[in-house]
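Student: Let's see this in three dimensions:
(chains A, B, C and D)
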Amino acid sequence: MPTEYAFPDNAAKTADASQELVSEKMSVAMGPSHPSTHGVLRLQLELDGEIVTKCDPILGYLHRGDEKIAENMTYNQFVPYTDRLDYLAPLANNVAYAIAVEKLANLVVPPRCQAIRVIISEMARISSHLLGLGAFAMDTGAWTVFMYQFTEREKLYKLFEELTGARFTTSYTRIGGVARDLPEGWTDRVLGFCDQFLPILDEMLEMLTRNKIFTDRTVGVGVISKEDAIAYGLTGPNLRGSGVPLDLRKDKPYSGYEQYEFDVPVGSKGDSYDRYLCRGEEMKQSVRIIRQAIKNLPGGAWYAEDAVRIFAPRKDKVLTSMEELINNFMIVTEGPQMPAGEVYFEAENPKGALGFFVVSKGGGVPYRMKIRSPSFCNLSILPKICTGVLLSDVVAILGSFDFVMGECDR
Amino acid sequence: MSLAPAEVLSALQGKFAQVTARPSGDHPAVNVPMADAVALLRHLRDERGFDFLVDVTGIDWDVDASPRFSVVWHLFSTRDHGYLRVVAACASDTEPSAPSVAALWPAADWHERETYDLLGIRFENHPDLRRILMWEGYPYHPLRKDFPLAGIDVPLPDLEVGEVTRATAAPAPMVGGPFVASTGEMNLTEAEPRAKDESWDERKEKPDTL
Amino acid sequence: MVTSNTDLAYNTKIEDTLVVTKADAVINWLRSSSIWPMPMGLACCGIELMASGNSRFDIARFGAEVMRFSPRQSDCMIVAGTVTYKMAPHVRRIYDQMAEPKWVIAMGACASSGGMYRSYATLQGVDRIIPVDVYVSGCPPRPEALLDALIKMQEKIRRQPAARELLGGAKAKSA
Amino acid sequence: MFDFYFDLPLWLRLVLQGLAVMLTLFPIAAACSMAERKVAAWIQDRPGPNRTLAPLLAWIPGIHFLQRLGLFQLAADGGKFVFKEDIVPGHVNKAYFVAAPILAVIPALTTIVFIPFGAYLDAAGRVVPLILANVDVGLLAVFAISSLSVYSVILAGWASNSKFPFLGAVRASAQLISYELSMTLSVLPVFLWVNGPLAGEVAGSFTGTLGLGRVVEFQSQPGFFGGMWFGFLMPVSAFVFLVSLFAETNRAPFDTVESEADLVNSFASEYGAFKWSLFYVAEYCHMIVGSAVFMLLFGGGWNPLPWITLGDLASWIGIAHLPLVTGLLGIGIFVGKVLAMIFFFMWVRWTLPRFRYDQVMKIGWQKLLPLSIANLVFYALVIAWLDTR
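Tutor: Take a look at the predicted model:
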């Protein structure tokens, strides 16, 4: 491992390369409104012909002040804001946030709640990876895959809607549980989705995996070495695509992930193609986890019953018991009462490790909430790997990174 | 190295006498003087296997607190799958600064820029310390405790557009909006979620600039 | 002479039986039938904007699937998502680059009013920098809501005095 | 029946013929853009544009069929452009900016005059091709004029004075010029064959021509080789020509020039309304002309099937004595083939990803060019061998 990282002086590097032909470099702003920056990322590129000699990502076009908002909201009030971090997998964000705060409160949720959270996290992973896959395909020019995956996502949305009432801004988890139990027959419909999803996924992957044009566009493009991936703090499929078998679901199991059998796909070269393959395989593993979780779905409570001052009491109790009514009022107005302390928890989200660093001084409102967003960390390697590639490669690299500006800028 | 906090501390104190334990809800955490921070982090990376810098951030411990700012590093070991939190307090309360670890982990580059942007902690020897989330030239550091959630009126980043549209980055109206609460334990009346608006409410007239 | 009441020219209830040949009606029909959106997919709503193009909702039925990322070729900017102060000037500049006639749909609570993001970084409604024709509620709105907005937009376009604007009124409007 | 027409002065006849063909081509090219959207929708399991209906026409029975085809959508899109503000941005070079789309359309529409689009049997039972300018240079003229279209792209990109259009123009100029070479080389064997020794044996009189009509006539000969389409005789030529055609018309997977993902809309980014649509009409015109040339050279032109000529078909169904009907049948078969080709273009576009720019150049220079040269040498040797036999 190198001890010091030098920040390459890109200008000097390319000056060497172009000594024979003195040419003027072109500065191009790619974004913030550009079809392949997936949101409002802006890349300030310096081009030597078609070759990118310098890439300076400019973020913050979607900085909405989530961390500041968190400091002014009770813990439960902030749940909807976590939906809008990685808005492709809100359920997984909800879960990560809830577990972080539960750690602060030293709260253990019952097994049924854990299993529900695993199921929804994995469904969110499928939903997010599908869009990542489709967007990647679209960036390389294969429009139709993009449309196909949306059909599958619609089926997922239907299930989410049945469970939570919203298509993707779900706000389903609460501190100490989930908002409500699974609807009747929902698990069967999830299994039904899984059954029909796998062949369709194979069909979609078939359109790309062995496609000569697609492999030409992606193999060897945007190679990230193992060491770089770790040094730049990459997580999720981007890290695993580089051959680092780090998956927090396996290595720091939370929410009962240790009970489930699944494989962690790992890439070999760390190029865009490997990242794509990892995502494809992860969806299949998610289906595996969902099936196991539903098969062994424990009964019992879906919220921590001992979390009296944290989890709002059930509606029927609120309406019948004075004590519960007061309790409900306290939880809503003051927020769930938390001890003072600092916790950091990160969950393996579709995009990578989504971490919440919660600093509490007690009471119902966090004192400081730092959100460690995977997209932010993943993108930080862009200046390095987007140097010396062709302009079209930048598009392929961005597609393979599968980032979401909502959580990157927060 | 999923060590118990006490073990981590004793192992580190052998080399860095100034390191003290820090209360933590979960992972081992240590306090370190700012001067020793980089040496400690380098030691942790090279000899303790904490090769993954998860996060760099800062905390503003309130306007009157001293030391007011702390910098927090979260480390992770890809080998042993353990976390470690390293916290160092900034010497100055008005011009906080901390050493940059961007040379140890390139990942720190953007995290430090973000901390500088939102909290105003300057990182010495950072290769390119610019704002990252707010625009260049934004005069405030929004995550500081004296900065209101609604914001402070400044011109738009593009002056021309600001001139044409006469829009500014005006304070967000809080009336009827999301009800915000206050942190810490206090009496119910104050902690109760309410519309906290600095600029206008039901009694005061809505300013024209909005 | 063009009157502001163009119900006579085009009304869905009587369109099949009544034939009125007015320049406005023709121009408005052309314009309203071919709204090419400029997708300003900024945040979460952008996902629903994309979803409205998929095969379940298919915005293409209204001829509006031609998402032109170049503002010169688009008719209607769909601002989908939170507009931050950093992004606002870009939104405005892209709007300025669009050719007349142009319309704006503010999709979702954030674009309409700042929504739940009452904070220092968020523009409290895109209507502070560009004129908005149709607001869509929801956080995010369902694709059906966007399609509804599109139909509302078509109705709105059909009420416009298009011929007068073409014959010099456009200057007066822009001035 | 049409004697009055032949009594008209020649220049008037030519003008009328030219107008007729171009006024057909232009709407077809425009309709292709709608077809593209419908094909895309069909491939992606969507209905596609089907809501738009002109209010005045709603009462006509059966009109809903056209509505579902998106025909009125096409009318609305086209009409909208007319009433849309025609932007000439302040930072562009105005004269060239305006000239570019016009320059794009001129070669696209001009090349059609060298394309025979059908044939009829005259009183003597001979096949007479329907063509506006039946010149011997035929294909050469098509290549020469259609290659002018690259200037429009360069002009558009340069005059836009903007970066993405500029990059697109640079890509376009390199790509179009590269593929022209292998395209031309790929058709040479066809004309070697047509003007070669076998031609003398089979037909007797085909010498020294590059006319496209002659190629079709050659494929309409009796006998095994006579009735064989060149696509079967020279599959490599056909393949190289087809691939080059995709590249020349900037179609996927070679659409690096206007690749939406990285250059947004490339050279046409700064164009709006009518000027912008002219580029697309030109692109589709090129596709139509290219498909037509492909069908003439390798697909048997207006002959319905290999070894079955239009004349055979006409005499079987008993219309050989009606030149008008035969002519229409020939045109119908030919147009049908061309439209099938265009569907193929669209099918490919909505199925395959896109090449990268340098890969496009590599394919052009390192794969297609050697392939077409080898192909040419092979057929030259075969023809030389036939000649000395």
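Student: May I have the beta-bridge partners of the most centrally placed residue in chain B?
Tutor: Geometric centre of chain B, nearest residue: B:Gly58, 2.9 Å, by Cα atoms, centre = their mean. Beta-bridge partners recorded for B:Gly58 (DSSP bridges): B:Val71.
Student: Pull the contacting residues for it.
Tutor: By Cβ atoms under 8 Å, 6 or more residues apart in numbering or on different chains, the contact set of B:Gly58 is B:Phe69, B:Ser70, B:Val71, B:Val72, B:Cys90, B:Pro96, B:Ala98, B:Thr115, B:Leu118, B:Leu119, B:Ile121, B:Leu143. Bear in mind the C-beta positions are built from the backbone N, C-alpha and C, glycine included.
Student: ok, how many other residues are close to D:Gly318?
Tutor: 9 (other Cβ atoms under 10 Å in any protein chain shown).
Student: I meant to write B:Glu163 there.
Tutor: Neighbours around B:Glu163, by other Cβ under 10 Å: 11.
Student: which SSE is it in?
Tutor: Using DSSP states H and E, B:Glu163 sits in helix B:159-165.
Student: Do any residues in that helix lie close to chain A?
Tutor: No: shown here: helix B:159-165 not in contact with chain A (Cβ under 8 Å from any Cβ of the partner chain), separated by at least 14.1 Å.
Student: Show me how far that helix is from its chain's centre.
Tutor: 32 Å (Cα atoms, centre = their mean, to the nearest Å).
Student: can you check stretch C:51-66 too?
Tutor: Worked out by Cα atoms, centre = their mean, stretch C:51-66 lies 15 Å from the chain centre.
Student: Kindly report the same for stretch D:227-242.
Tutor: 17 Å.
Student: I'd say A:Lys68 and B:Pro142 touch.
Tutor: Yes: using Cβ atoms under 8 Å, A:Lys68 is in contact with B:Pro142, at 5.7 Å.
Student: who are the neighbours in contact with whatever residue of the stretch 201-350 of chain A ends up closest to chain B?
Tutor: The minimum distance from the stretch 201-350 of chain A to chain B, using Cβ to the nearest Cβ, falls at A:Gly233 (3.2 Å). Applying Cβ under 8 Å, 6+ apart, we find A:Gly233 in contact with A:Cys377, A:Ser380, B:Phe52, B:Leu53, B:Val54, B:Trp105, B:Ala107.
Student: now swap in D:Phe26 and tell me
Tutor: D:Phe26 neighbours (Cβ under 8 Å, 6+ apart): D:Leu109, D:Val281, D:Cys285.
Student: Kindly report the same for D:Asn161.
Tutor: D:His91, D:Val92, D:Asn93.
Student: got a list of what the first one touches?
Tutor: D:His91 sits next to D:Asn161, D:Ser162 when contact means Cβ under 8 Å, 6+ apart.
Student: Would you confirm that it belongs to a helix?
Tutor: No: using DSSP: H, G, I helix; E, B strand; the rest coil, the secondary structure at D:His91 is coil, not a helix.
Student: ok, it to D:Leu155 distance?
Tutor: 16 Å (Cβ to Cβ, to the nearest Å).
Student: swap in the last one?
Tutor: Look at D:Asn93 and D:Leu155: by Cβ to Cβ, they are 9 Å apart.
Student: who has more neighbours, these two?
Tutor: Using other Cβ under 10 Å, the more surrounded residue of D:Asn93 and D:Leu155 is D:Leu155, with 23 against 14.
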